[in-house]
Each structure stands twice: as structure tokens, then as C-alpha cells.
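Enquirer: Fold the stuff below for me.
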Amino acid sequence: MSDPSTQLCFKLGRVVRRVQQYYEQRLHPFDLTPSQFFVLDALWSKDSVSIGELGEQVALDTSTITGILDRLERNGLVERHQNPTDRRSVLVTLTDRARELEPQVMPIVKELDVSLRHSFPAADMSVFERLLDSFTDVLDKTATSKEDAGQKGD
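Expert: Residues are numbered from 1 along each chain as shown. Okay, the predicted model is just below:
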């Protein structure tokens, strides 16, 4: 039997859990979860977007995004409005309260990013970033080919 700790996905999962724990601890005083933060961060970059576009930006499906938006809306951080150019679509916008939160929360993200980047040579970080992008591409292609195979069998 193989040792799970030697498997690449196990190692990646462990890193993801550590990053998640870091964000959970530091975002707790702001009553935010990491998922809520990532949605807000996407909206801080581009406000007033559709739920579908927001889901693509943060790589989450519509039902997951909807649950996160429900909580953010209850906390007064986002609002949903009908898209004036497409009545079938809903736009998500930040509230003033969410905009005021950005300068308080973003240093948390920058702190971890700077710390990680300064822990390794710049050339290694550049390779690491390319590898992460490549992993995502491979996994996207794998998921797409499996979905296509499933549809052909219907």
C-alpha cells in the first residue's frame, strides 16, 4: 500500500488546508470566511458582475456562490439587483460597508503572499506559479474529457 503523504494531491491538499487555516484565523475578527473573502476580493477587482461571471472568477459553481452571497447579503456586504440589460440575469454589487472593509482586510492577504514569496528565490516562485497554472490546466482538461465521455454514453 502506498503512503498517502507521498502523493502529489495529498501534498497540495495539505498546503491548501494550511492556507485555509491562516485565512480563517485572520478573517475571523471581520466575521468573514475565506470563501466569502475570495468572493469579495473578486468584487473589489470588478464590481457589479453577474453571479455566473463571479463564479468563473473564483472557480466556484453557481449553487456554492449563491450560498456565499446569501451570507454576504445578510451581513450587509453585497446586494443583488436585476440586470437592467438582461432581466434573466442578476448583478452582484458591493455595499459601502464592503468597500470600507477592503483596506482593513487586504493587508492580511498581502502579508501571506509576501511571506511566501520571500521564503523562496524569485526564479523558483516563477516556476512554481507556472506549475500551478499547468496543474489547473491539466485538471480542467481531465474534467472536461470525463464530462464529454459521460455525455457520449447517454
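Enquirer: check contacts around Gln104.
Expert: Gln104 makes contact with Phe30 under the criterion Cβ atoms under 8 Å, 6 or more residues apart in numbering. Placement of C-beta: from N, CA and C, glycine included.
Enquirer: mind checking how far it is from Ser45?
Expert: Distance, Gln104 to Ser45, by Cβ to Cβ, to the nearest Å: 17 Å.
Enquirer: Distance from the chain centre to the longest helix anywhere in the chain, please.
Expert: In the chain, with assignment by DSSP state H, the single longest helix is helix 122-152. How far helix 122-152 lies from its chain's middle: 16 Å, per Cα atoms, centre = their mean, to the nearest Å.
Enquirer: just stretch 3-13 next, same as before
Expert: Using Cα atoms, centre = their mean, the offset of stretch 3-13 from its chain centre is 22 Å.
Enquirer: got the end-to-end distance for that stretch?
Expert: End-to-end distance for stretch 3-13, by Cα to Cα, to the nearest Å: 15 Å.
Enquirer: Report the mean per-residue pLDDT for that stretch.
Expert: On average, the pLDDT along stretch 3-13 is 87.
Enquirer: Who are the contact partners of the residue at minimal distance from the centre of the chain?
Expert: Residue closest to the average C-alpha location in the chain (Cα atoms, centre = their mean): Val58, at 3.9 Å. Contacts for Val58 (Cβ under 8 Å, 6+ apart) come out as Phe38, Val39, Ala42, Ile65.
Enquirer: one more time with 7 Å
Expert: Residues in contact with Val58 (Cβ atoms under 7 Å, 6 or more residues apart in numbering) are Phe38, Val39, Ala42.
Enquirer: Counting neighbours, which of the residues you listed comes out on top?
Expert: Val39 (26 neighbours; other Cβ atoms under 10 Å).
Enquirer: does that one sit in a helix or strand, and which one?
Expert: helix 34-45 (DSSP states H and E).
Enquirer: and the helix or strand following that helix, which strands flank it?
Expert: Next along the chain after helix 34-45, taking DSSP H and E as the criterion, comes strand 49-50. Strand pairing for strand 49-50, determined by DSSP bridges: strand 86-94 (antiparallel).
Enquirer: Whatever helix or strand comes next after the partner strand to strand 86-94, inter-axis angle?
Expert: Going down the chain from strand 86-94, the next helix or strand is helix 96-118, by DSSP H and E. Angle, helix 96-118 to strand 86-94, by axes from the mean of the first three to the mean of the last three Cα atoms, to 10 degrees: 70 degrees.
Enquirer: Done for today, thanks.
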